[in-house]
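Participant: Please work out how this folds:
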Amino acid sequence: MKPIIALTADALVKPSPVINENEAPFTPRGLVEGILAAGGIPIVLPFPQKVSEAEEAAQAALKTFDGLVIPGGPDIDPTLFGEEPIPQIGRTNYQRDAYEIALIKAAALQHKAILGICRGIQIINVAFGGTLYQDLGTQDPQCAIQHSQKAPGQFPTHHVTTTPGSQINQIVGAKTFVNSRHHQAVRTVAPAFKATAKAPDGVIEAIELQQGDDILAVQWHPENMWQEDAGSLALFQDLVTRAGKREDNE
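Facilitator: Alright, predicted model coming up:
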């Protein structure tokens, strides 16, 4: 049986043009197709509207999937890592933050395979005690390249160097050419993790566990590039492979 891969949903800010639904859940089409191309079966998990229901919803969702993707989306609420919002922070979604943190922690306890993408690397890091730059341009004096690209999203714009022997190194190689659409980034890496890829200016582009291969997260968007980039597709194939191993052991 093919592994089932859950994708956490974002919510439309405006009413849906099809059925006029407020805050309709959605997930990127490129991500759905990438999981299918890698051999997985994607399902979408909307977040509950009440923060008080996040834990219960996360526990209920656990039995439905073998692997989990936390995709891109709005900024992370800085109060979750002990800071107040600076003027440069963008739109946040506290309900989604709360649900994803609960879901990540619950899935990790069951050793389910997890892949974080863009916002995903940030919320995973926060879930386990790390911090973020709320805005690279104003908070990171070393930031020297464009991390919120003006080029179309499917085009790579800067290089990333990976740590030899790391999980990400084995998947995409020593150096890879990635797209980039973010202004927040990992600042202090959570204790259970290590940074294993960086941009030329030192911005962290991937984190993974100190021990084990359950969780891998990247700052770029492979869902926009997998059709033409082997490394991007390999990230989804790696997730599906890890999820399949967990399924076989159950």
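Participant: So, low pLDDT: which residues of the protein?
Facilitator: Within the chain, the segments meeting pLDDT under 70 span 20, 247-250.
Participant: Grab the longest helix from it for me.
Facilitator: The residue-count maximum for a helix in the chain (DSSP state H) belongs to helix 230-249.
Participant: Report the distance from that helix to the chain centre.
Facilitator: Taking C-alpha atoms, centre = their mean, to the nearest Å, the mean C-alpha location of helix 230-249 is offset from the chain mean by 15 Å.
Participant: What residues of it count as buried?
Facilitator: 231-244, 246-247 (16 or more other C-beta atoms under 10 Å). In short, each C-beta sits where N, CA and C put it, glycine included.
Participant: Same check on stretch 57-73?
Facilitator: Across stretch 57-73, burial judged by 16+ other C-beta under 10 Å covers 57, 58, 61, 65, 66, 67, 68, 69, 70, 71, 72, 73.
Participant: ok, which stretches of the protein are helices?
Facilitator: Counting by DSSP H, the helices of the chain are 29-37, 54-61, 94-109, 119-127, 136-139, 167-172, 230-249.
Participant: who wins for proximity to residue 6 among these?
Facilitator: Closest approach to residue 6 among the helices of the chain (C-beta to C-beta): helix 54-61, 6.8 Å.
Participant: quick one: the strands in the chain?
Facilitator: 4-8, 10-11, 25-26, 41-45, 67-70, 113-117, 132-133, 158-162, 175-178, 185-186, 193-198, 204-209, 215-218 (DSSP state E).
Participant: Direction included, what does the last one pair against?
Facilitator: Based on DSSP bridges, the strands next to strand 215-218 in the sheet, each with its direction, are strand 113-117 (parallel), strand 204-209 (antiparallel).
Participant: For those strands, give me a markdown table that also has mean neighbour count.
Facilitator: Converted to a markdown table, these look like this (neighbours: other C-beta atoms under 10 Å):
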| stretch | mean neighbour count |
| --- | --- |
| strand 113-117 | 26 |
| strand 204-209 | 26 |
